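Undergrad: test case, fold it:
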Amino acid sequence: MDVQWFDFELPEELIAQTPLPDRTGSRLLALDKRTGAITHTQFRQLGQFLRPGDALILNDTRVIPARLFGVKPDTGAQVELLLLKSLGDDRWQTLAKPAKRLKKGSAVHFVGEEESPGGPLLTAVVEEEGEMGERIVRFSYEGVFLELLDRLGQMPLPPYIRERLDERDRYQTVYAREAGSAAAPTAGLHFTESFLAELQEAGVSIGFVTLHVGLGTFRPVSADRVEDHKMHAEYYVLPQETADLINRTKAAGGRIVAVGTTSARTLESAALASESAGAPAGQMVSSSGWTDIFIYPGYTFRMVDALLTNFHLPKSTLVMLVSALAGRDAVMEAYRQAVERRYRFFSFGDAMFIY
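TA: Residues are numbered from 1 along each chain as shown. Purely as a prediction, here's the structure:
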């Protein structure tokens with residue numbers, strides 16, 4: 001399958017640079033995956049496309065201030081590390097910039113706005129070199145690591161966002177609680193606590209999964225054929241409480257609505273894990289672990305019935321995922337109309353509901 005099939009023209013001015021004042025103020029494009037019918041409306045009308053008995057599944061990962069700026073003590077050269085995945089024992093998978101300055105054994109000091117009289121607050125030493133700027137580093141410090149990140153780090157906004165984000169919380173969902181992501185599950189940024197409460201009052205259940213977004217978010221598809229692309233593994237958790245909610249919802253004829261592609265990938269990964277664990281067909285059991293699931297046209301969804309998502313990059317794995325759910329031709333037509341009607345794209349942009 002040719003990657004070019006998932007390309008489209010996107011004017012740069014449609015890339016949303018800042019969040020709207022009201023989280024629920026975005027537009028919504030609704031796509032009926034059975035008929036291809038498209039409806040243009042507002043996000044606050046999402047409830048019109050949901051039914052009593054449906055279950056919204058949200059990714060409760062919390063973005064850490066994972067972008068660190070430091071200096072090499074031997075040369076004074078400035079370097080940047082983006083934390084992608086904790087490997088335990090204070091070791092992290094990172095992206096380094098410029099990577100050529102960070103060879104195995106190199107040290108980086110992070111001191112904050114005012115240098116500590118006792119030396120750097122945080123030190124990283126490169127233990128392994130990988131491809132495309134990847135570095136495995138080990139940190140040394142005194143105190144609590146996440147507290148130091150709050151002091152020293154910046155929010156890891158995607159490279160296509162060039163405007164300064166004055167409020168950190170606008171790159172967090174209102175239900176974020178499990179720290180560990182290098183990027184936000186952006187479909188969830190549209191919700192407020194009050195809007196979620198409205199949906200629950202209308203009979204829609206809410207459940208949570210966790211997937212910590214890592215390296216795959218920052219890697220473009222470099223292969224010519226879709227099948228040759230390799231996804232990087234990310235850590236997920238499906239709690240028993242959510243598995244039970246899903247099983248009740250399915251048994252009662254309700255739909256499982258994934259909020260975001262990260263939730264969708266988590267649900268499908270957990271469904272495969274449930275099958276491997278010997279669960280009855282269509283039943284979910286709690287699971288956790290690393291997933292590198294790659295969903296593209298031809299994939300048969302086991303658990304996800306509907307999907308709320310944002311508008312994604314051309315030729316990205318996320319466009320491929322939504323095309324697997326709704327059909328490539330229908331998705332490309334929806335994107336054509338979104339461009340024509342000047343929807344806002346990417347992390348702070350408008351929403352799309354596939355049902």
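Undergrad: any buried residues in stretch 276-283, and which?
TA: Neighbour counts using 16 or more other CB atoms under 10 Å place 279, 283 of stretch 276-283 among the buried residues. The way it works is simple: take the backbone N, C-alpha and C, and place the C-beta from them, glycine included.
Undergrad: and the end-to-end length of that stretch?
TA: Taking CA to CA, to the nearest Å as the measure, stretch 276-283 stretches 12 Å from start to finish.
Undergrad: how far off centre is that stretch?
TA: The chain centroid and the centroid of stretch 276-283 are separated by 27 Å, computed with CA atoms, centre = their mean, to the nearest Å.
Undergrad: what does that stretch contact?
TA: Residues outside stretch 276-283 that contact it (CB atoms under 8 Å, 6 or more residues apart in numbering) are 247, 250, 274-275, 285, 287, 302.
Undergrad: go on, stretch 89-107?
TA: Contact with stretch 89-107 is made by 72-75, 77, 79-87, 108, 123-129, 133-141, 145, 214-215, 218, as judged by CB under 8 Å, 6+ apart.
Undergrad: ok, stretch 125-145 next?
TA: For stretch 125-145, contacts defined as CB under 8 Å, 6+ apart pick out 81, 87, 89-97, 99, 102-108, 121-124, 148, 215, 219.
Undergrad: repeat that with 7 Å
TA: 81, 87, 90-97, 99, 102-107, 121-124, 148 (CB atoms under 7 Å, 6 or more residues apart in numbering).
Undergrad: mind listing the helices for the stretch 51-200 of the chain?
TA: Taking DSSP state H, counting those that start in this stretch, the helices of the stretch 51-200 of the chain run over residues 145-152, 193-201.
Undergrad: let me see the domain layout of this structure.
TA: For the chain, automatic domain parsing gives the domain ranges 3-63+167-354, 67-152.
Undergrad: just those domains: most buried one?
TA: Highest mean neighbour count among the domains of the chain (mean count of other CB atoms under 10 Å): domain 3-63+167-354, with a mean of 19.
Undergrad: still on that earlier bit, which stretch in the domains of the chain is the model least sure about?
TA: Note on the domains of the chain: domain 67-152 shows the lowest mean pLDDT, a mean of 91.
Undergrad: and the end-to-end length of that one?
TA: Distance between the two ends of domain 67-152: 9 Å, counting by CA to CA.
Undergrad: returning to that earlier point: distance to Ile161 added to the domains of the chain, as a markdown table?
TA: Written out in a markdown table, the entries for the domains of the chain read as follows (distance: least, CB to CB, whole Å):
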| stretch | distance to Ile161 |
| --- | --- |
| domain 3-63+167-354 | 6 |
| domain 67-152 | 12 |
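Undergrad: how about Gln172, nearest residue that isn't a chain neighbour?
TA: Excluding the flanking residues, the one nearest Gln172 by CB to CB, 6 or more residues apart in numbering is Val63, at 5.8 Å.
Undergrad: hang on, isn't that neighbour packed against Gly153?
TA: No - in terms of CB atoms under 7 Å, Val63 does not count as a neighbour of Gly153; the distance is 10.3 Å.
Undergrad: tell me which residues are up against the longest strand belonging to the chain.
TA: Using DSSP state E, we find that the single longest strand of the chain is strand 78-88. With CB under 7 Å, 6+ apart as the contact definition, strand 78-88 has outside contacts at 64, 66-72, 92-98, 101-102, 108, 124, 136-137, 156, 180, 182, 214-215.
Undergrad: cutoff 6 Å now
TA: For strand 78-88, the surrounding residues in contact (CB atoms under 6 Å, 6 or more residues apart in numbering) are 66-71, 92-97, 101, 108, 156, 182, 214-215.
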